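S.K.: Coordinates for the following, if possible.
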Amino acid sequence: MSAKYYVDYRMNGIPSMFELYLFINPLGQECLRSEHNLMTVYQQISENVDVHILPFNNVGIAEAYFEQINLEKPDLSTRNEIFQKIYLASLAYKAANMQSKKNGRKFLLAIQEAFCKDVDCFNRENMLDIANELSLDIDIFLSDLDSDLVKKLYLKDQTIAHDMNVIQTPTLVIYEHQSASAEYICGNDINVESIFETLDDFSERNFYRIQKEDEKTVNKAFVPKLKLVHNKKN
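M.R.: A predicted model of the protein is given here:
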């Protein structure tokens, strides 16, 4: 798909409205790849598409992450340490978002590129170094990082994931407003081609749905009204 032109999804001249929810482990390398692929698609769609990148973590996701980083049979202390790193990275991403969504994405990308391949080096001090490099307001960042508000926002993301039946990261949920329906893409399947294919499928289904609705309207409009007349014979 060339970046020299934009893809335009419309039905009867009305732009299709998509919301893209990407659920991630902020320290996951596979999640980093999925974000790059999602943003490549986002930059090539002409409509105003809402993109939400949300941190999500639970015991099952942590177990899968241990395998990804080749951590075999970690003890309880190591498990807790890794889990706390993921939690800290999630809160930090939400705190950076408080200084604009753009800053939040830059911060997320920076910590992923720095620590996805070396999780042991991720800590509060190194994370603050990145925040400084990105010219975030450190006082505000630290205040937000430790605030109840950011923790509530993180818990809200967990609720959204649960409500959408997300069970792994990365998971991309594509919601289309006209049809009020959603499609899921998970793991390594989140690539540029699969995302565009899913968007195309939505467009095709909407076309046939609207076509059928138009046919029903036309048929209903031209159904003759019948009146039963009784002829009384003399």
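S.K.: Sketch out the low-pLDDT regions of this structure for me.
M.R.: Per-residue confidence for the chain (pLDDT under 70) gives these ranges: 1-15, 46-47, 206-234.
S.K.: in it, which spans are helices?
M.R.: Counting by DSSP state H, the chain forms helices over residues 29-42, 59-68, 76-97, 101-115, 124-133, 138-145, 148-163, 192-221, given from the N-terminal end onward.
S.K.: Who are the packing partners of the second one?
M.R.: Helix 59-68 sits against helix 76-97, with contacts defined as 3 or more Cβ pairs under 8 Å, 6 or more residues apart in numbering; DSSP states H and E. From N, CA and C alone the C-beta is placed, and that goes for glycine too.
S.K.: Dump the helix it packs on to PDB, keeping only the CA atoms.
M.R.: These are the backbone C-alpha positions of helix 76-97, laid out as PDB (Å, rounded to 0.1, in the frame of the first residue of the first chain):
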ATOM      1  CA  LEU A  76       7.500 -15.600  42.500                       C
ATOM      2  CA  SER A  77       9.900 -12.700  43.200                       C
ATOM      3  CA  THR A  78      10.800 -12.500  39.500                       C
ATOM      4  CA  ARG A  79       7.200 -12.700  38.400                       C
ATOM      5  CA  ASN A  80       6.200  -9.900  40.800                       C
ATOM      6  CA  GLU A  81       9.100  -7.800  39.600                       C
ATOM      7  CA  ILE A  82       8.200  -8.100  35.900                       C
ATOM      8  CA  PHE A  83       4.500  -7.500  36.600                       C
ATOM      9  CA  GLN A  84       5.400  -4.300  38.500                       C
ATOM     10  CA  LYS A  85       7.500  -3.100  35.600                       C
ATOM     11  CA  ILE A  86       4.600  -3.600  33.200                       C
ATOM     12  CA  TYR A  87       2.300  -1.800  35.700                       C
ATOM     13  CA  LEU A  88       4.800   1.100  36.100                       C
ATOM     14  CA  ALA A  89       5.200   1.400  32.300                       C
ATOM     15  CA  SER A  90       1.400   1.500  31.900                       C
ATOM     16  CA  LEU A  91       0.900   4.200  34.500                       C
ATOM     17  CA  ALA A  92       3.800   6.200  33.000                       C
ATOM     18  CA  TYR A  93       2.200   6.000  29.500                       C
ATOM     19  CA  LYS A  94      -1.100   7.200  31.000                       C
ATOM     20  CA  ALA A  95       0.700  10.100  32.800                       C
ATOM     21  CA  ALA A  96       2.500  11.100  29.600                       C
ATOM     22  CA  ASN A  97      -0.900  11.100  27.800                       C
END
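S.K.: Including distance to His52, could the helices of the chain go into TSV?
M.R.: Formatted as TSV, the helices of the chain follow (distance: least, Cβ to Cβ, whole Å):
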stretch	distance to His52
helix 29-42	10
helix 59-68	18
helix 76-97	11
helix 101-115	9
helix 124-133	22
helix 138-145	19
helix 148-163	8
helix 192-221	15
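S.K.: Correct me if wrong: Tyr93 contacts Gly104.
M.R.: Yes: look at Tyr93 against Gly104 with Cβ atoms under 8 Å: they come within range, at 6.1 Å.
S.K.: joint contacts of those two?
M.R.: Overlap of the contact sets of Tyr93 and Gly104 (by Cβ atoms under 8 Å, 6 or more residues apart in numbering) is empty.
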